[in-house]
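Asks: Here's a sequence, model it:
(one chain, ligands or ions: 2)
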Amino acid sequence: MTPGTTRRLDLVGALTAGGRSSRFGTDKALARLEGRTLLEHVAASLEDRPLRLLVAPPGRYALPGWRPVPDTRPGDGPLAALEAALLAAERHMGPGWVAFAGVDLPRLTPAYWALLAGARTPEARSVLTLDAAGRAQPLGALYHTDLLLHVTALLDGGERRLRLAARDAVTLPHEAATRVSPQALHNVNTPADLAALEAGTEQ
Ligand SMILES: Nc1nc2c(ncn2[C@@H]2O[C@H](COP(=O)(O)OP(=O)(O)OP(=O)(O)O)[C@@H](O)[C@H]2O)c(=O)[nH]1
Ligand SMILES: [Mg+2]
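Replies: Residues are numbered from 1 along each chain as shown. Ligands and ions are numbered 1, 2, ... in the order given. Alright, predicted model coming up:
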(Lines give C-alpha, C1' and ligand atoms only; values in the text may rest on other atoms or scores of the structure.)
(Ligands and ions follow the chains in the order given, each with its own letter.)
Protein backbone atom coordinates (compact mmCIF):
# COMPACT_ATOMS: atom_id res chain seq x y z
CA MET A 1 0.00 0.00 0.00
CA THR A 2 1.26 3.48 -0.80
CA PRO A 3 1.98 5.32 2.46
CA GLY A 4 -0.71 7.81 3.31
CA THR A 5 -3.47 6.23 1.27
CA THR A 6 -6.39 4.47 2.93
CA ARG A 7 -7.73 2.18 0.18
CA ARG A 8 -11.01 1.97 2.05
CA LEU A 9 -12.86 0.01 -0.58
CA ASP A 10 -10.69 -3.09 -0.42
CA LEU A 11 -12.01 -4.05 3.02
CA VAL A 12 -14.71 -6.69 3.22
CA GLY A 13 -17.34 -5.80 5.83
CA ALA A 14 -18.41 -8.56 8.25
CA LEU A 15 -21.06 -8.16 10.89
CA THR A 16 -21.46 -10.93 13.41
CA ALA A 17 -24.95 -11.26 14.82
CA GLY A 18 -25.38 -14.77 16.12
CA GLY A 19 -25.18 -14.11 19.83
CA ARG A 20 -27.67 -14.91 22.55
CA SER A 21 -28.01 -11.43 24.12
CA SER A 22 -28.31 -13.14 27.49
CA ARG A 23 -27.15 -10.03 29.38
CA PHE A 24 -29.46 -7.77 27.38
CA GLY A 25 -32.53 -9.97 27.93
CA THR A 26 -34.00 -9.54 24.43
CA ASP A 27 -32.28 -9.63 21.02
CA LYS A 28 -29.96 -6.61 21.25
CA ALA A 29 -29.43 -6.52 17.47
CA LEU A 30 -33.05 -5.38 17.21
CA ALA A 31 -32.94 -2.91 20.11
CA ARG A 32 -33.55 0.65 18.93
CA LEU A 33 -31.37 3.71 19.25
CA GLU A 34 -32.34 7.01 17.66
CA GLY A 35 -34.92 5.40 15.39
CA ARG A 36 -32.78 2.57 14.06
CA THR A 37 -31.87 -0.88 15.30
CA LEU A 38 -28.36 -1.50 16.59
CA LEU A 39 -27.93 -3.90 13.66
CA GLU A 40 -28.74 -1.05 11.23
CA HIS A 41 -26.38 1.37 12.99
CA VAL A 42 -23.43 -0.98 12.65
CA ALA A 43 -24.37 -1.99 9.10
CA ALA A 44 -24.41 1.69 8.09
CA SER A 45 -20.77 2.03 9.15
CA LEU A 46 -19.83 -0.59 6.55
CA GLU A 47 -22.31 0.36 3.83
CA ASP A 48 -19.63 1.32 1.27
CA ARG A 49 -17.85 -2.05 1.33
CA PRO A 50 -17.74 -4.04 -1.93
CA LEU A 51 -18.78 -7.20 -0.06
CA ARG A 52 -20.82 -7.26 3.14
CA LEU A 53 -21.20 -10.46 5.13
CA LEU A 54 -23.76 -11.06 7.84
CA VAL A 55 -22.69 -13.98 10.03
CA ALA A 56 -25.86 -15.10 11.76
CA PRO A 57 -28.29 -18.02 11.95
CA PRO A 58 -29.99 -18.33 8.52
CA GLY A 59 -33.15 -16.24 8.29
CA ARG A 60 -32.77 -14.48 11.63
CA TYR A 61 -32.30 -11.02 10.08
CA ALA A 62 -33.07 -9.39 6.74
CA LEU A 63 -30.42 -6.82 5.88
CA PRO A 64 -30.59 -5.70 2.23
CA GLY A 65 -27.24 -5.77 0.44
CA TRP A 66 -25.68 -8.12 2.96
CA ARG A 67 -24.74 -11.68 2.06
CA PRO A 68 -25.92 -14.18 4.68
CA VAL A 69 -23.12 -16.38 6.01
CA PRO A 70 -23.99 -19.25 8.36
CA ASP A 71 -21.73 -19.98 11.30
CA THR A 72 -19.18 -22.71 10.69
CA ARG A 73 -19.62 -23.64 14.37
CA PRO A 74 -23.06 -22.36 15.45
CA GLY A 75 -23.21 -21.01 18.98
CA ASP A 76 -19.45 -21.13 19.51
CA GLY A 77 -19.14 -17.37 19.80
CA PRO A 78 -17.46 -14.51 17.95
CA LEU A 79 -14.13 -16.30 17.36
CA ALA A 80 -16.02 -18.96 15.42
CA ALA A 81 -17.93 -16.19 13.62
CA LEU A 82 -14.59 -14.65 12.61
CA GLU A 83 -13.58 -17.98 11.11
CA ALA A 84 -16.80 -18.02 9.06
CA ALA A 85 -16.24 -14.42 7.96
CA LEU A 86 -12.61 -14.96 6.91
CA LEU A 87 -13.55 -18.11 5.00
CA ALA A 88 -16.39 -16.37 3.16
CA ALA A 89 -14.26 -13.29 2.43
CA GLU A 90 -11.48 -15.41 0.96
CA ARG A 91 -13.94 -17.46 -1.08
CA HIS A 92 -15.58 -14.41 -2.64
CA MET A 93 -12.76 -11.85 -2.81
CA GLY A 94 -9.49 -13.77 -2.41
CA PRO A 95 -6.90 -12.93 0.25
CA GLY A 96 -7.40 -9.59 1.94
CA TRP A 97 -8.72 -7.61 4.85
CA VAL A 98 -11.98 -7.97 6.79
CA ALA A 99 -13.57 -5.29 8.97
CA PHE A 100 -15.14 -7.32 11.77
CA ALA A 101 -17.98 -5.73 13.75
CA GLY A 102 -20.50 -6.80 16.37
CA VAL A 103 -24.10 -5.67 16.62
CA ASP A 104 -23.38 -4.11 19.98
CA LEU A 105 -21.05 -1.33 18.78
CA PRO A 106 -23.63 1.12 17.39
CA ARG A 107 -21.26 4.11 17.31
CA LEU A 108 -18.89 2.65 14.74
CA THR A 109 -18.68 4.91 11.68
CA PRO A 110 -17.11 4.87 8.21
CA ALA A 111 -14.46 7.27 9.57
CA TYR A 112 -13.54 4.73 12.26
CA TRP A 113 -12.98 2.00 9.68
CA ALA A 114 -11.04 4.39 7.45
CA LEU A 115 -8.74 5.18 10.38
CA LEU A 116 -8.05 1.48 10.94
CA ALA A 117 -7.58 0.86 7.22
CA GLY A 118 -5.04 3.67 7.05
CA ALA A 119 -3.07 2.19 9.97
CA ARG A 120 -2.32 -1.06 8.14
CA THR A 121 1.32 -1.83 7.42
CA PRO A 122 2.67 -4.43 4.99
CA GLU A 123 3.57 -6.70 7.94
CA ALA A 124 0.33 -6.28 9.89
CA ARG A 125 -2.32 -8.98 9.96
CA SER A 126 -4.69 -7.28 12.39
CA VAL A 127 -5.53 -3.72 13.43
CA LEU A 128 -7.22 -3.05 16.76
CA THR A 129 -8.09 -0.06 18.92
CA LEU A 130 -7.26 0.27 22.60
CA ASP A 131 -10.22 0.94 24.88
CA ALA A 132 -10.18 3.55 27.65
CA ALA A 133 -8.51 1.02 29.96
CA GLY A 134 -5.77 0.27 27.43
CA ARG A 135 -7.04 -3.14 26.32
CA ALA A 136 -7.06 -3.99 22.63
CA GLN A 137 -10.65 -4.48 21.47
CA PRO A 138 -11.13 -7.49 19.22
CA LEU A 139 -14.54 -6.41 17.86
CA GLY A 140 -14.48 -3.33 15.71
CA ALA A 141 -11.12 -4.49 14.36
CA LEU A 142 -9.49 -5.53 11.09
CA TYR A 143 -8.26 -9.06 10.40
CA HIS A 144 -6.43 -10.41 7.36
CA THR A 145 -7.56 -13.68 5.80
CA ASP A 146 -4.00 -14.95 6.40
CA LEU A 147 -5.14 -15.49 10.01
CA LEU A 148 -7.55 -18.27 9.01
CA LEU A 149 -5.26 -21.18 9.86
CA HIS A 150 -4.43 -19.62 13.22
CA VAL A 151 -8.11 -18.99 14.05
CA THR A 152 -9.13 -22.50 13.00
CA ALA A 153 -6.33 -24.01 15.10
CA LEU A 154 -7.49 -22.03 18.13
CA LEU A 155 -11.06 -23.25 17.70
CA ASP A 156 -10.00 -26.84 17.07
CA GLY A 157 -8.03 -26.64 20.32
CA GLY A 158 -11.14 -25.62 22.25
CA GLU A 159 -10.30 -21.90 22.47
CA ARG A 160 -13.22 -19.43 22.32
CA ARG A 161 -11.63 -16.08 23.22
CA LEU A 162 -11.82 -13.69 20.28
CA ARG A 163 -8.94 -11.61 21.61
CA LEU A 164 -6.53 -14.43 20.78
CA ALA A 165 -7.28 -14.10 17.06
CA ALA A 166 -5.11 -11.01 16.59
CA ARG A 167 -1.54 -11.55 15.44
CA ASP A 168 1.03 -9.16 14.01
CA ALA A 169 -1.25 -6.44 15.32
CA VAL A 170 -1.17 -2.71 14.93
CA THR A 171 -2.94 -1.06 17.89
CA LEU A 172 -4.38 2.42 17.74
CA PRO A 173 -4.71 4.72 20.75
CA HIS A 174 -8.20 5.09 22.19
CA GLU A 175 -8.13 8.86 21.68
CA ALA A 176 -7.34 8.48 17.97
CA ALA A 177 -10.46 6.36 17.46
CA THR A 178 -12.82 8.44 19.58
CA ARG A 179 -11.62 11.62 17.88
CA VAL A 180 -13.01 10.43 14.55
CA SER A 181 -15.84 8.36 16.01
CA PRO A 182 -17.00 9.38 19.49
CA GLN A 183 -18.05 6.41 21.66
CA ALA A 184 -16.88 4.06 18.90
CA LEU A 185 -16.03 1.30 21.35
CA HIS A 186 -19.04 1.71 23.61
CA ASN A 187 -20.26 -1.85 23.86
CA VAL A 188 -23.97 -2.50 24.48
CA ASN A 189 -24.23 -5.65 26.56
CA THR A 190 -27.06 -4.61 28.91
CA PRO A 191 -30.09 -2.30 28.76
CA ALA A 192 -28.15 0.04 31.07
CA ASP A 193 -25.34 0.26 28.48
CA LEU A 194 -27.90 1.33 25.88
CA ALA A 195 -29.52 3.83 28.25
CA ALA A 196 -26.10 5.36 28.96
CA LEU A 197 -25.49 5.78 25.26
CA GLU A 198 -28.88 7.45 24.78
CA ALA A 199 -28.18 9.75 27.70
CA GLY A 200 -24.75 10.60 26.32
CA THR A 201 -23.05 9.73 29.58
CA GLU A 202 -20.62 7.20 28.11
CA GLN A 203 -17.36 7.82 26.28
N1 LIG B 1 -22.27 -15.39 14.36
C2 LIG B 1 -22.15 -15.42 15.69
N3 LIG B 1 -22.07 -14.24 16.37
C4 LIG B 1 -21.96 -14.30 17.72
C5 LIG B 1 -21.92 -15.53 18.42
N6 LIG B 1 -21.82 -15.23 19.75
C7 LIG B 1 -21.79 -13.89 19.86
N8 LIG B 1 -21.88 -13.33 18.63
C9 LIG B 1 -21.87 -11.90 18.30
O10 LIG B 1 -20.68 -11.34 18.81
C11 LIG B 1 -20.90 -10.00 19.22
C12 LIG B 1 -20.44 -9.80 20.64
O13 LIG B 1 -20.93 -10.84 21.45
P14 LIG B 1 -21.50 -10.66 22.90
O15 LIG B 1 -21.44 -9.28 23.39
O16 LIG B 1 -20.92 -11.72 23.76
O17 LIG B 1 -23.03 -10.96 22.52
P18 LIG B 1 -24.01 -12.05 22.97
O19 LIG B 1 -23.39 -13.40 23.01
O20 LIG B 1 -25.17 -11.86 22.07
O21 LIG B 1 -24.40 -11.55 24.42
P22 LIG B 1 -24.31 -12.28 25.85
O23 LIG B 1 -25.18 -13.50 25.74
O24 LIG B 1 -24.87 -11.25 26.79
O25 LIG B 1 -22.85 -12.59 26.05
C26 LIG B 1 -22.39 -9.74 19.00
O27 LIG B 1 -22.52 -9.07 17.77
C28 LIG B 1 -23.00 -11.12 18.95
O29 LIG B 1 -24.17 -11.19 18.14
C30 LIG B 1 -22.00 -16.75 17.67
O31 LIG B 1 -21.97 -17.87 18.19
N32 LIG B 1 -22.11 -16.63 16.31
MG1 LIG C 1 -20.54 -7.42 23.69
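Asks: residues near residue 181, how many?
Replies: Using other Cβ atoms under 10 Å, residue 181 is surrounded by 22 other residues. For glycine as for every other residue, the C-beta is placed from the backbone atoms N, C-alpha and C.
Asks: And the nearest residue to it once chain neighbours are set aside, which helix or strand is it part of?
Replies: Counting by Cβ to Cβ, 6 or more residues apart in numbering, residue 181 lies nearest to residue 112, which is 3.7 Å off, once chain neighbours are set aside. Element membership for residue 112 (DSSP states H and E) is helix 110-118.
Asks: and the following helix or strand past that helix, how far out from the chain's middle?
Replies: Going down the chain from helix 110-118, the next helix or strand is strand 126-130, by DSSP H and E. Offset of strand 126-130 from its chain centre (Cα atoms, centre = their mean, to the nearest Å): 11 Å.
Asks: ok, now stretch 65-80?
Replies: Between the centre of stretch 65-80 and the centre of its chain there are 12 Å (Cα atoms, centre = their mean).
Asks: give me the beta-bridge partners of the residue nearest to residue 169 when sequence neighbours are not counted?
Replies: Closest residue to residue 169 apart from its sequence neighbours, by Cβ to Cβ, 6+ apart: residue 126 at 4.4 Å. When assigned by DSSP bridges, residue 126 has beta-bridge partners residue 143, residue 169.
Asks: Make 200 the starting number, not 1.
Replies: All right, first residue 200 from here; so that's residue 325.
Asks: List the residues that contact residue 325.
Replies: 340, 341, 342, 343, 346, 364, 365, 366, 367, 368, 369 (Cβ atoms under 8 Å, 6 or more residues apart in numbering).
Asks: Quick check on the residues you listed: which are buried?
Replies: 340, 341, 342, 343, 346, 364, 365, 368, 369 (16 or more other Cβ atoms under 10 Å).
Asks: Looking at those residues, which is nearest ligand 2?
Replies: Ligand 2 lies nearest to residue 340 out of those, by Cβ to the ion, at 13.2 Å.
Asks: For the closest one, give its distance to residue 285.
Replies: Distance from residue 340 to residue 285, counting by Cβ to Cβ, to the nearest Å: 13 Å.
Asks: and the residue nearest to the spatial centre of the chain, helix, strand or coil?
Replies: Taking Cα atoms, centre = their mean as the criterion, residue 300 is the residue nearest the geometric centre of the chain, at 1.6 Å. Following DSSP: H, G, I helix; E, B strand; the rest coil, we place residue 300 in the strand state.
Asks: first to last residue in stretch 327-346, what's the distance?
Replies: Stretch 327-346 has its terminal residues 14 Å apart, counting by Cα to Cα, to the nearest Å.
Asks: That concludes my questions; thank you for your assistance.
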